[in-house]
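Colleague: Coordinates only, no sequence provided:
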């Protein structure tokens, strides 16, 4: 504990930068996961429609929701 206090002025900034890097990496991973999940949902929706599991009206409504979410994600990425 005493050693930690003595090295804090030297290691504190390094640990802070490492923490910020981890946070950025987590956020990037989450954004990638969101895109992949939206693409998978769209593919699953298309397959369900092709197999006759959902009606055309349901397909169009759900497809529009997914496409809007994909567009919002893309716009948010451009804004960053």
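Modeller: Nice, thanks for sending it over. Keep in mind that this is a model prediction, so the values were computed, not measured.

Colleague: any idea how far residue 72 is from residue 23?
Modeller: Per C-beta to C-beta, to the nearest Å, residue 72 is found 22 Å from residue 23. Quick note: C-beta positions are derived from backbone N, CA and C, even for glycine.

Colleague: any idea which helix or strand comes after the lengthiest helix in the chain?
Modeller: The single longest helix within the chain, with elements called by DSSP state H, is helix 2-50. Counting by DSSP states H and E, the element after helix 2-50 in chain order, helix or strand, is helix 56-79.

Colleague: Now do that next one: everything it contacts.
Modeller: With contact meaning C-beta atoms under 8 Å, 6 or more residues apart in numbering, helix 56-79 is reached by 31, 34-35, 38-39, 41-42, 45-46, 48-49, 54.

Colleague: pLDDT on that helix, on average?
Modeller: Averaging pLDDT along helix 56-79 gives 90.

Colleague: What are the buried residues along that helix?
Modeller: For helix 56-79, the neighbour count (16 or more other C-beta atoms under 10 Å) marks 59, 62, 66, 69-70 as buried.

Colleague: As JSON lines, these with distance to residue 11 would be great.
Modeller: Shown next, in JSON lines, are the buried residues of helix 56-79 (distance: C-beta to C-beta, whole Å):
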{"residue": "59", "distance to residue 11": "56"}
{"residue": "62", "distance to residue 11": "51"}
{"residue": "66", "distance to residue 11": "46"}
{"residue": "69", "distance to residue 11": "42"}
{"residue": "70", "distance to residue 11": "42"}
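
Colleague: related to what we said a few turns ago, counting neighbours, which of the contacts of helix 56-79 end up buried?
Modeller: Judged by 16+ other C-beta under 10 Å, buried ones among the contacts of helix 56-79: 38, 41-42, 45, 49, 54.
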